[in-house]
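J.: build me a structure from this.
(one chain, ligands or ions: 1)
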Amino acid sequence: MPARWVGRGVKGIAARMLDGTATAAAIRGELHGRIAAFRARAGRPPGLGIVLAGSDPGSEIYVRNKLKTAAEEGMHTELIRVPADGHVDDVLATVAALNGRDDIDGILVQSPLPEGMGADAETQVIDLIGPAKDVDGFTPVSVGRLVQNRPGLVPCTPAGVIELLEREGIAISGRRAVVIGRSDIVGKPMAMLLLHRHATVTICHSRTQDLPAVARTADILVAAIGRPAFVTPDFVKPGAVVIDVGINPVSDAALVRSWFPPDSPRLAAFAKRGTLTVGDVHPAVAEVAGALTPVPGGVGPLTIAMLMANTVRAAELRLAL
Ligand code: NAD
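T.: Next up, the predicted model:
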(Lines give C-alpha, C1' and ligand atoms only; values in the text may rest on other atoms or scores of the structure.)
Protein backbone atom coordinates (compact mmCIF):
# COMPACT_ATOMS: atom_id res chain seq x y z
CA MET A 1 0.00 0.00 0.00
CA PRO A 2 1.59 3.36 -0.95
CA ALA A 3 2.09 5.60 2.09
CA ARG A 4 1.90 9.36 1.99
CA TRP A 5 3.91 11.31 4.54
CA VAL A 6 2.39 14.52 5.85
CA GLY A 7 2.61 16.89 8.79
CA ARG A 8 4.53 20.03 9.36
CA GLY A 9 7.30 18.13 11.08
CA VAL A 10 7.46 20.61 13.94
CA LYS A 11 8.91 17.95 16.22
CA GLY A 12 10.68 16.15 13.45
CA ILE A 13 7.95 13.50 13.36
CA ALA A 14 5.26 13.29 10.71
CA ALA A 15 2.53 10.70 10.88
CA ARG A 16 2.14 8.24 8.05
CA MET A 17 -1.33 8.79 6.61
CA LEU A 18 -3.28 5.53 6.46
CA ASP A 19 -5.18 5.63 3.20
CA GLY A 20 -8.67 4.26 3.87
CA THR A 21 -9.82 5.04 0.35
CA ALA A 22 -7.14 2.82 -1.21
CA THR A 23 -7.74 0.01 1.30
CA ALA A 24 -11.49 0.21 0.69
CA ALA A 25 -10.88 -0.04 -3.06
CA ALA A 26 -8.73 -3.14 -2.49
CA ILE A 27 -11.43 -4.76 -0.31
CA ARG A 28 -14.07 -4.02 -2.92
CA GLY A 29 -11.85 -5.32 -5.71
CA GLU A 30 -11.50 -8.64 -3.90
CA LEU A 31 -15.28 -9.01 -3.83
CA HIS A 32 -15.70 -8.94 -7.60
CA GLY A 33 -14.82 -12.59 -8.16
CA ARG A 34 -17.02 -13.70 -5.25
CA ILE A 35 -19.97 -11.69 -6.54
CA ALA A 36 -19.55 -13.21 -10.02
CA ALA A 37 -19.32 -16.71 -8.52
CA PHE A 38 -22.43 -16.09 -6.43
CA ARG A 39 -24.35 -14.86 -9.47
CA ALA A 40 -23.32 -17.94 -11.42
CA ARG A 41 -24.44 -20.32 -8.67
CA ALA A 42 -27.57 -18.51 -7.46
CA GLY A 43 -28.75 -17.12 -10.79
CA ARG A 44 -29.10 -13.69 -9.18
CA PRO A 45 -26.86 -11.03 -7.61
CA PRO A 46 -26.49 -10.58 -3.84
CA GLY A 47 -29.35 -8.39 -2.59
CA LEU A 48 -29.26 -5.55 -0.07
CA GLY A 49 -32.44 -4.00 1.34
CA ILE A 50 -32.15 -0.64 3.09
CA VAL A 51 -34.93 0.83 5.20
CA LEU A 52 -34.88 4.60 5.66
CA ALA A 53 -37.41 6.12 8.02
CA GLY A 54 -37.77 9.90 7.78
CA SER A 55 -35.44 12.22 5.90
CA ASP A 56 -32.54 13.10 8.21
CA PRO A 57 -30.04 14.85 5.89
CA GLY A 58 -27.05 12.87 7.18
CA SER A 59 -28.93 9.58 6.78
CA GLU A 60 -29.95 10.53 3.23
CA ILE A 61 -26.26 10.97 2.31
CA TYR A 62 -25.14 7.74 4.02
CA VAL A 63 -27.93 5.72 2.38
CA ARG A 64 -27.27 7.23 -1.05
CA ASN A 65 -23.57 6.26 -0.77
CA LYS A 66 -24.39 2.72 0.34
CA LEU A 67 -26.88 2.19 -2.50
CA LYS A 68 -24.50 3.68 -5.08
CA THR A 69 -21.61 1.50 -3.95
CA ALA A 70 -23.72 -1.67 -3.88
CA ALA A 71 -25.03 -0.91 -7.37
CA GLU A 72 -21.45 -0.31 -8.61
CA GLU A 73 -20.57 -3.77 -7.29
CA GLY A 74 -23.42 -5.27 -9.31
CA MET A 75 -25.63 -6.05 -6.34
CA HIS A 76 -29.39 -5.83 -6.29
CA THR A 77 -30.45 -2.95 -4.05
CA GLU A 78 -33.79 -1.82 -2.70
CA LEU A 79 -34.57 1.30 -0.73
CA ILE A 80 -37.77 1.17 1.29
CA ARG A 81 -38.82 4.48 2.75
CA VAL A 82 -41.05 4.95 5.77
CA PRO A 83 -42.43 8.46 6.37
CA ALA A 84 -41.01 10.48 9.28
CA ASP A 85 -44.43 10.48 10.94
CA GLY A 86 -44.84 6.72 10.43
CA HIS A 87 -45.24 4.23 13.26
CA VAL A 88 -42.51 1.84 14.38
CA ASP A 89 -44.88 -0.94 13.27
CA ASP A 90 -44.40 0.27 9.68
CA VAL A 91 -40.65 -0.27 10.01
CA LEU A 92 -41.19 -3.64 11.69
CA ALA A 93 -43.54 -4.77 8.90
CA THR A 94 -40.95 -3.70 6.30
CA VAL A 95 -38.19 -5.65 8.05
CA ALA A 96 -40.45 -8.70 8.39
CA ALA A 97 -41.14 -8.59 4.64
CA LEU A 98 -37.40 -8.33 3.84
CA ASN A 99 -36.68 -11.22 6.23
CA GLY A 100 -38.99 -13.39 4.14
CA ARG A 101 -37.56 -12.41 0.75
CA ASP A 102 -35.34 -14.96 -0.97
CA ASP A 103 -33.59 -12.36 -3.15
CA ILE A 104 -32.57 -10.15 -0.20
CA ASP A 105 -29.42 -11.28 1.62
CA GLY A 106 -28.73 -8.22 3.76
CA ILE A 107 -31.03 -5.90 5.68
CA LEU A 108 -29.97 -2.53 7.01
CA VAL A 109 -32.21 -0.10 8.88
CA GLN A 110 -30.60 3.33 8.79
CA SER A 111 -30.14 4.94 12.18
CA PRO A 112 -31.44 7.15 13.75
CA LEU A 113 -35.14 6.33 13.54
CA PRO A 114 -37.45 9.34 13.93
CA GLU A 115 -37.86 10.26 17.61
CA GLY A 116 -41.63 9.97 17.33
CA MET A 117 -41.28 6.19 16.87
CA GLY A 118 -40.37 5.86 20.54
CA ALA A 119 -37.29 5.36 22.67
CA ASP A 120 -37.11 1.60 22.14
CA ALA A 121 -37.89 1.63 18.40
CA GLU A 122 -34.30 0.83 17.37
CA THR A 123 -34.13 -2.10 19.78
CA GLN A 124 -37.42 -3.50 18.50
CA VAL A 125 -36.25 -3.21 14.91
CA ILE A 126 -32.81 -4.72 15.54
CA ASP A 127 -34.40 -7.61 17.41
CA LEU A 128 -36.53 -8.43 14.37
CA ILE A 129 -33.76 -8.51 11.73
CA GLY A 130 -32.99 -12.12 10.85
CA PRO A 131 -29.43 -12.81 12.07
CA ALA A 132 -28.52 -14.41 8.72
CA LYS A 133 -29.25 -11.06 7.02
CA ASP A 134 -27.79 -8.82 9.75
CA VAL A 135 -25.16 -7.05 7.62
CA ASP A 136 -24.73 -4.28 10.23
CA GLY A 137 -23.91 -6.89 12.90
CA PHE A 138 -26.22 -5.24 15.44
CA THR A 139 -28.55 -8.09 16.43
CA PRO A 140 -28.04 -9.83 19.78
CA VAL A 141 -27.06 -13.02 17.94
CA SER A 142 -24.31 -11.22 15.99
CA VAL A 143 -23.10 -9.42 19.13
CA GLY A 144 -23.00 -12.70 21.05
CA ARG A 145 -21.03 -14.40 18.31
CA LEU A 146 -18.57 -11.50 18.24
CA VAL A 147 -18.06 -11.57 22.01
CA GLN A 148 -17.45 -15.32 21.86
CA ASN A 149 -15.07 -14.86 18.91
CA ARG A 150 -17.17 -17.10 16.68
CA PRO A 151 -17.57 -16.47 12.92
CA GLY A 152 -20.39 -14.05 12.16
CA LEU A 153 -21.35 -10.70 10.71
CA VAL A 154 -19.30 -7.98 12.44
CA PRO A 155 -20.23 -4.26 12.61
CA CYS A 156 -18.81 -2.57 9.52
CA THR A 157 -16.85 0.36 11.02
CA PRO A 158 -14.72 -1.56 13.52
CA ALA A 159 -14.30 -4.42 11.04
CA GLY A 160 -12.97 -1.87 8.55
CA VAL A 161 -10.51 -0.51 11.12
CA ILE A 162 -9.13 -4.02 11.68
CA GLU A 163 -8.79 -4.56 7.92
CA LEU A 164 -6.86 -1.30 7.66
CA LEU A 165 -4.50 -2.14 10.53
CA GLU A 166 -3.82 -5.62 9.19
CA ARG A 167 -3.33 -4.56 5.58
CA GLU A 168 -1.00 -1.73 6.68
CA GLY A 169 1.10 -4.27 8.57
CA ILE A 170 0.41 -2.69 11.96
CA ALA A 171 0.92 -5.26 14.73
CA ILE A 172 -1.97 -5.65 17.20
CA SER A 173 -0.98 -8.65 19.29
CA GLY A 174 0.58 -7.74 22.63
CA ARG A 175 0.13 -4.00 22.10
CA ARG A 176 -1.82 -1.58 24.24
CA ALA A 177 -5.02 -0.36 22.59
CA VAL A 178 -7.25 2.39 23.95
CA VAL A 179 -10.72 2.89 22.48
CA ILE A 180 -12.43 6.17 23.34
CA GLY A 181 -16.18 5.62 23.01
CA ARG A 182 -18.37 2.72 24.11
CA SER A 183 -21.23 2.74 21.59
CA ASP A 184 -22.76 -0.54 20.40
CA ILE A 185 -21.89 0.25 16.79
CA VAL A 186 -18.26 1.34 17.14
CA GLY A 187 -16.58 1.45 20.55
CA LYS A 188 -17.66 -1.89 22.05
CA PRO A 189 -17.22 -4.06 18.95
CA MET A 190 -13.91 -2.28 18.22
CA ALA A 191 -12.64 -3.25 21.66
CA MET A 192 -13.75 -6.88 21.16
CA LEU A 193 -12.03 -7.17 17.79
CA LEU A 194 -8.78 -5.77 19.20
CA LEU A 195 -9.05 -8.09 22.22
CA HIS A 196 -9.53 -11.13 19.98
CA ARG A 197 -6.34 -10.12 18.18
CA HIS A 198 -4.55 -10.17 21.53
CA ALA A 199 -4.23 -6.45 22.25
CA THR A 200 -4.46 -5.29 25.86
CA VAL A 201 -7.57 -3.14 25.57
CA THR A 202 -8.89 -0.22 27.61
CA ILE A 203 -12.31 1.27 26.85
CA CYS A 204 -12.76 4.95 27.77
CA HIS A 205 -15.93 7.04 27.86
CA SER A 206 -17.37 10.32 29.08
CA ARG A 207 -16.76 9.46 32.73
CA THR A 208 -13.19 8.24 32.37
CA GLN A 209 -10.88 10.08 34.78
CA ASP A 210 -7.75 11.72 33.36
CA LEU A 211 -8.56 10.63 29.83
CA PRO A 212 -5.40 12.12 28.19
CA ALA A 213 -3.17 10.10 30.54
CA VAL A 214 -5.06 6.87 29.80
CA ALA A 215 -5.02 7.59 26.07
CA ARG A 216 -1.26 8.21 26.21
CA THR A 217 -0.71 4.58 27.24
CA ALA A 218 -1.94 3.47 23.81
CA ASP A 219 0.16 2.02 21.03
CA ILE A 220 -3.11 2.00 19.05
CA LEU A 221 -5.60 4.76 19.89
CA VAL A 222 -9.11 4.66 18.42
CA ALA A 223 -11.26 7.79 18.76
CA ALA A 224 -15.02 7.18 18.31
CA ILE A 225 -16.52 10.03 20.27
CA GLY A 226 -18.40 12.37 17.94
CA ARG A 227 -16.62 15.55 19.14
CA PRO A 228 -14.58 17.51 16.60
CA ALA A 229 -10.82 17.77 17.24
CA PHE A 230 -11.29 16.39 20.77
CA VAL A 231 -8.15 14.24 20.78
CA THR A 232 -5.27 16.70 21.02
CA PRO A 233 -1.52 15.90 20.91
CA ASP A 234 -1.40 15.50 24.71
CA PHE A 235 -3.58 12.35 24.30
CA VAL A 236 -1.02 10.68 22.07
CA LYS A 237 2.15 8.77 22.83
CA PRO A 238 4.78 9.76 20.25
CA GLY A 239 4.73 7.25 17.43
CA ALA A 240 1.32 5.77 18.31
CA VAL A 241 -1.14 4.65 15.64
CA VAL A 242 -4.23 6.87 15.80
CA ILE A 243 -7.51 5.83 14.19
CA ASP A 244 -10.02 8.66 13.80
CA VAL A 245 -13.56 7.30 13.47
CA GLY A 246 -15.32 10.64 14.03
CA ILE A 247 -17.38 12.29 11.30
CA ASN A 248 -18.38 15.74 12.50
CA PRO A 249 -19.82 18.47 10.27
CA VAL A 250 -18.61 21.86 11.56
CA SER A 251 -19.78 25.32 10.40
CA ASP A 252 -18.19 27.53 13.09
CA ALA A 253 -15.50 29.53 11.25
CA ALA A 254 -13.57 30.49 14.40
CA LEU A 255 -13.32 26.85 15.47
CA VAL A 256 -12.16 25.72 12.05
CA ARG A 257 -9.54 28.51 11.93
CA SER A 258 -8.25 27.45 15.34
CA TRP A 259 -7.55 23.89 14.12
CA PHE A 260 -5.79 24.42 10.80
CA PRO A 261 -2.74 26.52 9.81
CA PRO A 262 -3.61 29.58 7.67
CA ASP A 263 -2.27 27.98 4.47
CA SER A 264 -4.22 24.72 4.96
CA PRO A 265 -6.29 23.56 1.97
CA ARG A 266 -8.93 22.55 4.52
CA LEU A 267 -9.48 26.24 5.32
CA ALA A 268 -9.90 27.01 1.63
CA ALA A 269 -12.43 24.17 1.39
CA PHE A 270 -14.30 25.57 4.37
CA ALA A 271 -14.35 29.09 2.87
CA LYS A 272 -15.89 27.65 -0.30
CA ARG A 273 -18.58 25.48 1.31
CA GLY A 274 -19.20 27.09 4.71
CA THR A 275 -18.97 23.68 6.34
CA LEU A 276 -16.25 21.11 6.89
CA THR A 277 -16.27 17.49 7.97
CA VAL A 278 -13.65 16.89 10.64
CA GLY A 279 -12.78 13.92 12.78
CA ASP A 280 -12.48 13.48 16.53
CA VAL A 281 -8.70 13.94 16.27
CA HIS A 282 -7.07 17.38 16.21
CA PRO A 283 -4.96 18.01 13.06
CA ALA A 284 -1.86 18.72 15.22
CA VAL A 285 -1.84 15.04 16.25
CA ALA A 286 -0.16 14.39 12.87
CA GLU A 287 2.99 15.86 14.41
CA VAL A 288 3.05 13.33 17.27
CA ALA A 289 1.46 10.13 15.97
CA GLY A 290 3.37 7.51 13.99
CA ALA A 291 0.38 6.81 11.75
CA LEU A 292 -3.03 8.42 11.43
CA THR A 293 -6.25 8.01 9.48
CA PRO A 294 -7.41 11.19 7.75
CA VAL A 295 -10.98 12.52 7.77
CA PRO A 296 -12.31 12.31 5.15
CA GLY A 297 -10.64 9.38 3.39
CA GLY A 298 -9.89 7.21 6.41
CA VAL A 299 -12.45 5.06 8.20
CA GLY A 300 -15.51 6.27 6.24
CA PRO A 301 -14.79 4.45 2.95
CA LEU A 302 -13.81 1.33 4.89
CA THR A 303 -17.22 1.21 6.56
CA ILE A 304 -18.99 1.06 3.20
CA ALA A 305 -16.51 -1.50 1.84
CA MET A 306 -17.17 -3.74 4.85
CA LEU A 307 -20.93 -3.40 4.33
CA MET A 308 -20.37 -4.76 0.83
CA ALA A 309 -18.19 -7.55 2.22
CA ASN A 310 -20.82 -8.44 4.84
CA THR A 311 -23.55 -8.53 2.19
CA VAL A 312 -21.53 -10.86 -0.03
CA ARG A 313 -20.72 -13.05 2.98
CA ALA A 314 -24.37 -13.18 4.04
CA ALA A 315 -25.36 -14.11 0.49
CA GLU A 316 -22.74 -16.89 0.30
CA LEU A 317 -23.76 -18.31 3.66
CA ARG A 318 -27.46 -18.27 2.75
CA LEU A 319 -26.71 -20.07 -0.50
CA ALA A 320 -24.80 -22.73 1.38
CA LEU A 321 -27.78 -23.48 3.63
P1 NAD B 1 -22.12 7.68 20.18
O2 NAD B 1 -22.61 9.07 20.42
O3 NAD B 1 -23.08 6.55 20.17
O4 NAD B 1 -20.97 7.34 21.22
C5 NAD B 1 -19.99 8.27 21.56
C6 NAD B 1 -19.15 7.72 22.68
O7 NAD B 1 -18.19 8.71 23.01
C8 NAD B 1 -19.94 7.40 23.94
O9 NAD B 1 -19.66 6.08 24.33
C10 NAD B 1 -19.42 8.37 24.97
O11 NAD B 1 -19.21 7.77 26.24
C12 NAD B 1 -18.09 8.82 24.41
N13 NAD B 1 -17.85 10.20 24.79
C14 NAD B 1 -18.66 11.27 24.59
N15 NAD B 1 -18.12 12.37 25.13
C16 NAD B 1 -16.95 11.99 25.68
C17 NAD B 1 -15.94 12.67 26.38
N18 NAD B 1 -16.02 13.97 26.65
N19 NAD B 1 -14.87 11.96 26.80
C20 NAD B 1 -14.76 10.64 26.54
N21 NAD B 1 -15.69 9.95 25.87
C22 NAD B 1 -16.78 10.61 25.45
O23 NAD B 1 -21.31 7.78 18.80
P24 NAD B 1 -20.89 6.63 17.75
O25 NAD B 1 -22.07 6.19 16.99
O26 NAD B 1 -20.01 5.63 18.40
O27 NAD B 1 -20.00 7.52 16.74
C28 NAD B 1 -18.85 8.20 17.19
C29 NAD B 1 -18.33 9.05 16.05
O30 NAD B 1 -17.98 8.21 14.97
C31 NAD B 1 -19.34 10.05 15.47
O32 NAD B 1 -18.65 11.19 15.04
C33 NAD B 1 -19.91 9.32 14.29
O34 NAD B 1 -20.41 10.19 13.29
C35 NAD B 1 -18.69 8.59 13.82
N36 NAD B 1 -18.96 7.38 13.04
C37 NAD B 1 -18.23 7.23 11.92
C38 NAD B 1 -18.38 6.09 11.16
C39 NAD B 1 -17.52 5.94 9.96
O40 NAD B 1 -17.88 5.22 9.04
N41 NAD B 1 -16.35 6.59 9.92
C42 NAD B 1 -19.31 5.12 11.51
C43 NAD B 1 -20.03 5.29 12.68
C44 NAD B 1 -19.84 6.43 13.45
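J.: show me what the helix or strand hosting residue 38 is packed against.
T.: With secondary structure defined by DSSP states H and E, residue 38 is part of helix 20-42. If contacts are counted by 3 or more CB pairs under 8 Å, 6 or more residues apart in numbering; DSSP states H and E, helix 20-42 sits against helix 156-167, helix 299-320. No exception for glycine: its C-beta is placed from N, CA and C like everyone else's.
J.: pLDDT wise, what is the nearest residue to residue 42 once chain neighbours are set aside at?
T.: Among residues not flanking residue 42 along the chain, residue 319 sits closest, at 5.4 Å (CB to CB, 6 or more residues apart in numbering). As predicted, residue 319 sits at a pLDDT of 92.
J.: and residue 258, by the same measure?
T.: 94.
J.: do the same with residue 14
T.: pLDDT recorded at residue 14 is 85.
J.: next one: residue 7
T.: Predicted confidence (pLDDT) for residue 7: 39.
J.: contact residues of the stretch 101-250 of the chain facing the ligand?
T.: 157, 180-183, 185-187, 204-206, 208, 211, 224-227, 245-248 (CB under 6 Å from any ligand atom).
J.: what about the residue lying closest to residue 173 once chain neighbours are set aside, neighbour count?
T.: Of all residues not flanking residue 173 in the chain, residue 198 sits nearest, at 4.0 Å (CB to CB, 6+ apart). By other CB atoms under 10 Å, the residues close to residue 198 number 12.
J.: need the contact list for the residue nearest to residue 42.
T.: Residue 319 sits next to 38, 41, 42 when contact means CB atoms under 8 Å, 6 or more residues apart in numbering.
J.: which one of these sits closest to the ligand?
T.: The closest of the contacts of residue 319 to the ligand turns out to be residue 38 (CB to the nearest ligand atom; 25.3 Å).
J.: who's in contact with that closest one?
T.: 45, 46, 312, 315, 316, 319.
J.: buried subset of those residues?
T.: 45, 46, 312, 315, 316 (16 or more other CB atoms under 10 Å).
J.: if we take these, which one ends up nearest to the ligand?
T.: Looking across the buried ones among the contacts of residue 38 and measuring by CB to the nearest ligand atom, the closest to the ligand is residue 312, at 18.7 Å.
J.: what residues are up against that closest one?
T.: Taking CB under 8 Å, 6+ apart, we find residue 312 in contact with 31, 34, 35, 38, 46.
J.: for residue 100, give its distance to residue 263.
T.: Distance, residue 100 to residue 263, using CB to CB, to the nearest Å: 57 Å.
J.: which helix or strand contains the residue nearest to residue 196 when sequence neighbours are not counted?
T.: In this structure, residue 196 finds its nearest non-sequential neighbour in residue 149, 4.8 Å apart by CB to CB, 6+ apart. Taking DSSP H and E as the definition, residue 149 sits outside all helices and strands.
J.: neighbours of residue 149, how many?
T.: 12.
J.: okay, it: pLDDT?
T.: Value for residue 149, per-residue pLDDT: 98.
J.: would you agree it is in contact with residue 198?
T.: No: using CB atoms under 8 Å, residue 149 is not in contact with residue 198; the gap is 11.1 Å.
J.: three-state assignment of residue 237?
T.: Recorded secondary structure, residue 237: coil (DSSP: H, G, I helix; E, B strand; the rest coil).
J.: once you drop chain neighbours, what's closest to it?
T.: Distance criterion CB to CB, 6+ apart; nearest residue to residue 237, sequence neighbours excluded, is residue 216 at 5.1 Å.
J.: which residues sit in contact with that neighbour?
T.: By CB under 8 Å, 6+ apart, the contact list for residue 216 reads 234, 235, 236, 237.
J.: next: residue 25.
T.: For residue 25, the contacting residues are 301, 305, by CB under 8 Å, 6+ apart.
J.: can we see that at 6 Å?
T.: By CB atoms under 6 Å, 6 or more residues apart in numbering, the contact set of residue 25 is empty.
J.: for it, give its distance to residue 207.
T.: 39 Å.
J.: pLDDT below threshold where in the stretch 201-321 of the chain?
T.: 321 (pLDDT under 70).
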